[in-house]
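A.B. asks: Test case, fold it:
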Amino acid sequence: MTDWDDEGQDLLQRGTEAWERRDRATAEALFSQLVQLFPDRPEGYNKLGVISAESGELKTAEEYFLRALSVDRRYAPALTNLGNIYLERGEVDQAIQHYYLALNSDPDYAPAHRNLSVAYRKQGKYAAFVSHFKRSQRLDVRRAHQEFRDQTRQTATGPLGRAATFPAWVWWVTAGIGVAILLTVFKR
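C.D. replies: Take a look at the predicted model:
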């Protein structure tokens, strides 16, 4: 069997990129390949479920999400997506139950908080709606900041391609020097 860290991550990333550029056929092929190579991982089933759900094939999507959960019953994305299916069908209580199952698995999973807020809004529970919606926004901002920091670390490389880890003050001093140079150049 192929090592998940290499082949699995590559297929997942390429499939996600294809889906984001709306290339359904390529995304579906890559996620199907992911499921064939890694039948004991939930990611491929979940992604195929998302494709089916966004195409209006809710029964097929539900089957994929349930398959992902049969592999990993605590996989927050599949629990959340299954909750979305129930919410779409008007089964709000069942949707809420699945969002909470996802949050029991991963308390910081922003999509579960966001979708839970939608379900509470449908029920007219506005305090719970606002609470979970704000939580999802804070988590999204935190994730975006972390991704930015990760990208910054990846682009700043030192000798032998190793990530250069400088203290924050080094970056601020460097930025300050750059601004001073720009101001000097543009004053002329």
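A.B. asks: For this structure, give me the ranges with low pLDDT.
C.D. replies: 1-3, 154-167, 171, 185-188 (pLDDT under 70).
A.B. asks: hey, which helix is longest across this protein?
C.D. replies: helix 126-155 (DSSP state H).
A.B. asks: After that one, heading C-terminal, what element do we hit next?
C.D. replies: Using DSSP states H and E, the helix or strand that directly follows helix 126-155 along the chain is helix 168-187.
A.B. asks: Only C-alpha atoms, please: export that following helix in CSV.
C.D. replies: Presented in CSV, the C-alpha positions along helix 168-187 are these (Å, rounded to 0.1, in the frame of the first residue of the first chain):
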residue,chain,number,x,y,z
ALA,A,168,9.4,38.5,15.1
TRP,A,169,11.5,41.6,15.9
VAL,A,170,13.9,40.7,13.0
TRP,A,171,11.0,40.8,10.6
TRP,A,172,9.8,44.1,12.0
VAL,A,173,13.2,45.7,11.8
THR,A,174,13.7,44.4,8.3
ALA,A,175,10.3,45.8,7.3
GLY,A,176,11.2,49.2,9.0
ILE,A,177,14.4,49.4,7.0
GLY,A,178,12.5,48.6,3.8
VAL,A,179,10.0,51.3,4.5
ALA,A,180,12.8,53.8,5.3
ILE,A,181,14.5,53.0,2.0
LEU,A,182,11.3,53.4,0.1
LEU,A,183,10.6,56.8,1.7
THR,A,184,14.1,57.9,1.0
VAL,A,185,13.8,56.9,-2.7
PHE,A,186,10.4,58.5,-3.2
LYS,A,187,11.4,61.8,-1.5
